[in-house]
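Peer 1: from the sequence below, what's the structure:
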Amino acid sequence: MLKLIHRSPHPDIVRAFANLIWLGLERLTQIAVAIAISGMLARYFGPEAFGKWQYANTLLLVLAPLTWVCGAEILVPTIVHRQAPLGVVLGSAFALRFTVSAVALLLTWGGIAAGLTDPLVGAMLAGLALTMLFREPFVGTINAWLQSMTYSKPQLLGSMVIALLKAGLVYLCVRASVAPARFGWLWALEAALLAGVLLAYYIARHGGTLDWRPDRALMRHFASAGSVFWLGLICMYLFLKLDRLMLERTISFADLGRYSAAQQLNENWITLALMLAQTLAPAFVYRVHDALQLRRNIVRLTVLTAGVMSAGALVLDLLAGVIIHHVFGPDYAGASEIFRWAVWLSVPAGIEAIGNLAVLKYQAKFVLLAKWLLALLIAFTVNQLSIPHFGAYGALVGLAAGYLAAAAVNFSYLRYRVRP
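Peer 2: Model prediction:
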């Protein structure tokens, strides 16, 4: 099979296949590291402190989209079809992202200092929030350049190695009985190391110099062109974390810790669908101009993704009790049934991710915003009705309803916009 791929006359297919191999290795590594770290922290913190840790991570993932003012959906197509020098494109994106990230970080720290969160949640979030200064300005910008070439190996390899290093540091901190409030700084260190590695790689590929030069006109273009996408992504991440935000008001932190334990494992699995879509997009969607071929590609990718996610969900469903017991211990036994239901959310999530590629290809920013706003409103409404009656399971119903609504919008747009 590998020989046939390498003999393929189409370089995009070869690069995409190589990307998929590295993507698979990186995902397996990240899933293993996430499971190991979650297990260590869950046992060390106990359900209540672990619930606060998970809630701090939820707040971070709600705040992080504030730094995505010039997202990959704008930057990657701009690089692929660029008219300005690469250094100017990347420099402008970096300057805009860094400025917004610094403001978001200062506002987050200000809110923590003002006592807007539980003290332990705030202490955990203080370190976690520093990742915003490194992830999107440095890692996100260079990763967009790599995605435009369908060559994500440097980012994936660096991510794997640094994730393993972080797991080792977490283990040492647990053994040393470090206070739970300090663990967030390890995530900040991980982001800083990855940013440094990718920046060094980019410099090495460009004659030993960093040729990034911000252009004010291009920065204004990125800010205006990306503003609707930005709002759409904010709605998307609010939708993805709405379950925990609403459950925090109705259940204890200990129960939230058990629910979040199941969802954290599930989200690592769902991330595979998102990364699968991102790595295939330049070769099989963004560069395809024939309408019939584009529809065929999206249909094939949808079938492939649905099959992969269904098979994985079935395995995880069958092994849910074993996984939860061995990873988190007996204090989290109630998370196994939640996990069994949650893993099937990966199927509509994967289908939505593939259908979303058509929205991104045609820069349909208002469709993206309307889609995630609709998903957010539907999930909020369903949660309001179902959480009081079904608790954590009601939150899963809200997520499922939102994913299905988002997927329906994607494929309605595909039928309307891409006609043979």
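
Peer 1: rest of the way, CA atoms for contacts and neighbours
Peer 2: Will do.

Peer 1: report the buried residues of stretch 193-209.
Peer 2: Residues of stretch 193-209 classed as buried: 193-195, 197-199, 202 (neighbour count, 16 or more other Cα atoms under 10 Å).

Peer 1: contacts for it, please.
Peer 2: With Cα atoms under 8 Å, 6 or more residues apart in numbering as the test, stretch 193-209 has contacts from 134-135, 138-139, 142, 154-155, 158-159, 162, 210.

Peer 1: in a markdown table, list the residues you listed along with pLDDT.
Peer 2: A markdown table is the format used below for the contacts of stretch 193-209 (pLDDT from 0 to 100):
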| residue | pLDDT |
| --- | --- |
| 134 | 95 |
| 135 | 93 |
| 138 | 95 |
| 139 | 93 |
| 142 | 93 |
| 154 | 86 |
| 155 | 86 |
| 158 | 91 |
| 159 | 91 |
| 162 | 95 |
| 210 | 92 |
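
Peer 1: which one of those residues is nearest to residue 299?
Peer 2: For the contacts of stretch 193-209, the minimum distance to residue 299 (Cα to Cα) is 28.4 Å, reached by residue 155.

Peer 1: who's in contact with the host helix or strand of the closest one?
Peer 2: In this structure, residue 155 is located in helix 153-175 according to DSSP states H and E. Applying Cα under 8 Å, 6+ apart, the external contacts of helix 153-175 come out as 19, 22-23, 26, 29-30, 33, 36-37, 40-41, 44, 143, 146, 183, 186-187, 190, 193-194, 197-198, 201.

Peer 1: just the buried residues from the contacts of stretch 193-209, in PyMOL please.
Peer 2: A single PyMOL command selects the buried members of the contacts of stretch 193-209 (16+ other Cα under 10 Å):
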select buried, resi 134+135+138+139+142+154+155+158+159+162
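
Peer 1: could you pull up the mean pLDDT of the strand or helix carrying residue 53?
Peer 2: Under the criterion of DSSP H and E, residue 53 resides in helix 11-63. Taken as a whole, helix 11-63 has an average pLDDT of 83.

Peer 1: residues near residue 166, how many?
Peer 2: 18 (other Cα atoms under 10 Å).

Peer 1: can you give me the strands for the stretch 51-200 of the chain?
Peer 2: For the stretch 51-200 of the chain, no strands are identified by DSSP state E, counting those that start in this stretch.

Peer 1: pass me the low-pLDDT residue ranges in it, would you?
Peer 2: Scanning the stretch 51-200 of the chain for pLDDT under 70 picks out no residues.

Peer 1: nearest to residue 95 among the contacts of stretch 193-209?
Peer 2: For those, the nearest to residue 95 is residue 138 (10.0 Å; Cα to Cα).

Peer 1: quick one: contacts for the closest one?
Peer 2: When contacts are counted by Cα under 8 Å, 6+ apart, residue 138 touches 94, 195, 198-199.

Peer 1: can you list those residues in a markdown table and add distance to residue 106?
Peer 2: What follows is the contacts of residue 138, written out as a markdown table (distance: Cα to Cα, whole Å):
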| residue | distance to residue 106 |
| --- | --- |
| 94 | 18 |
| 195 | 20 |
| 198 | 25 |
| 199 | 24 |
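
Peer 1: just the angle between the helix holding residue 53 and helix 153-175, please?
Peer 2: Interaxial angle, helix 11-63 versus helix 153-175 (axes from the mean of the first three to the mean of the last three Cα atoms, to 10 degrees): 40 degrees.

Peer 1: show me what helix 11-63 is packed up against.
Peer 2: Under the contact definition 3 or more Cα pairs under 8 Å, 6 or more residues apart in numbering; DSSP states H and E, helix 11-63 sits against helix 2-6, helix 119-129, helix 153-175, helix 227-247, helix 253-281, helix 320-328.

Peer 1: now do that helix against helix 320-328, angle only.
Peer 2: 70 degrees.

Peer 1: ok and helix 11-63 relative to helix 227-247, angle-wise?
Peer 2: Calculated by the same axes, to 10 degrees, helix 11-63 forms an angle of 50 degrees with helix 227-247.

Peer 1: could you pull up phi and psi at residue 209?
Peer 2: In terms of degrees, to the nearest 10, the main-chain angles of residue 209 are phi -130, psi 150.

Peer 1: kindly apply the preceding question to residue 416 instead.
Peer 2: phi -80, psi -40.

Peer 1: and residue 151, by the same measure?
Peer 2: Dihedral pair for residue 151: phi -140, psi 80, per degrees, to the nearest 10.

Peer 1: so it versus residue 259, what's the distance?
Peer 2: According to Cα to Cα, to the nearest Å, residue 151 and residue 259 sit 36 Å apart.

Peer 1: now do residue 141 against residue 219, distance only.
Peer 2: According to Cα to Cα, residue 141 stands 14 Å off from residue 219.

Peer 1: what's the answer for residue 181, then?
Peer 2: Look at residue 181 and residue 219: by Cα to Cα, they are 37 Å apart.

Peer 1: who has more neighbours out of the two?
Peer 2: Comparing residue 181 with residue 219 by other Cα under 10 Å, the one with more neighbours is residue 219, at 21 against 18.

Peer 1: got a list of what that one touches?
Peer 2: 92-93, 95-96.

Peer 1: so what's residue 42 up against?
Peer 2: 50, 328.

Peer 1: change it to 10 Å
Peer 2: The contact partners of residue 42, taken as Cα atoms under 10 Å, 6 or more residues apart in numbering, are 36, 48-51, 53-54, 257-258, 261, 327-329, 331-332.
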